[in-house]
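Peer 1: sharing a sequence plus its predicted fold:
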Amino acid sequence: MRALIQRVSEAGVTVNGQVVSKIGKGLLIFLGIGQGDDEAQARFLSEKVAHLRIFEDQQGKTNLSLLEVKGEALVVSQFTLYADARGGRRPSFTAAALPEVAGPLVDRFVELLHGQGVPTQTGRFGEHMLVEIHNDGPLTIWLEK
């Protein structure tokens, strides 16, 4: 399981011209599910994301977590995090989990993150989405389990 997280001042997802989710200060989480991933990876990453100290304190140091700043999360499923472009010019996505496996694991990650006390919204699994990102910093971190 892979998560590309971005600290944002705001972010949102639009599908077919309709805003389906929008958050203020918090984290945009692009989540990729790989073959062989299970709930253990979802649990690990949800706990890591909720407690990762990447928000600034009063001294400007990144000492505060998403929970401590009472931030929100927006989770967007993105199988392309498993792209392999080492051979040729067209990426392969064979390392990504099939939709029938990935969908429930994305949902479980969201449940676990929400269970940590993080208000969480999502994009729409399997849909073409327009993602609006106001990356704060910019601060972007790659997590993998």
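Peer 2: Happy to help now that I have it.
Peer 1: which parts of this protein are helices?
Peer 2: 39-51, 99-115 (DSSP state H).
Peer 1: list the helices and strands the shortest one packs on?
Peer 2: The one in question is helix 39-51. When contacts are defined as 3 or more C-beta pairs under 8 Å, 6 or more residues apart in numbering; DSSP states H and E, helix 39-51 packs onto strand 2-15, strand 26-32, helix 99-115, strand 130-144. All C-beta spots, glycine's among them, are computed from the backbone N, C-alpha and C.
Peer 1: can you put those in a markdown table and add distance to residue 89 and mean pLDDT?
Peer 2: Listed next are the helices and strands packed on helix 39-51 as a markdown table, based on distance: least, C-beta to C-beta, whole Å; pLDDT from 0 to 100:
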| stretch | distance to residue 89 | mean pLDDT |
| --- | --- | --- |
| strand 2-15 | 22 | 98 |
| strand 26-32 | 21 | 98 |
| helix 99-115 | 25 | 97 |
| strand 130-144 | 23 | 97 |
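Peer 1: now the helices of the chain in CSV, with distance to residue 58 and mean neighbour count?
Peer 2: Shown next, in CSV, are the helices of the chain (distance: least, C-beta to C-beta, whole Å; neighbours: other C-beta atoms under 10 Å):
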stretch, distance to residue 58, mean neighbour count
helix 39-51, 20, 18
helix 99-115, 26, 18
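Peer 1: which residue is nearest the middle of this structure?
Peer 2: In the chain, the residue lying closest to the centroid (C-alpha atoms, centre = their mean) is residue 29, at 1.7 Å.
Peer 1: thanks again, I'm all set now.
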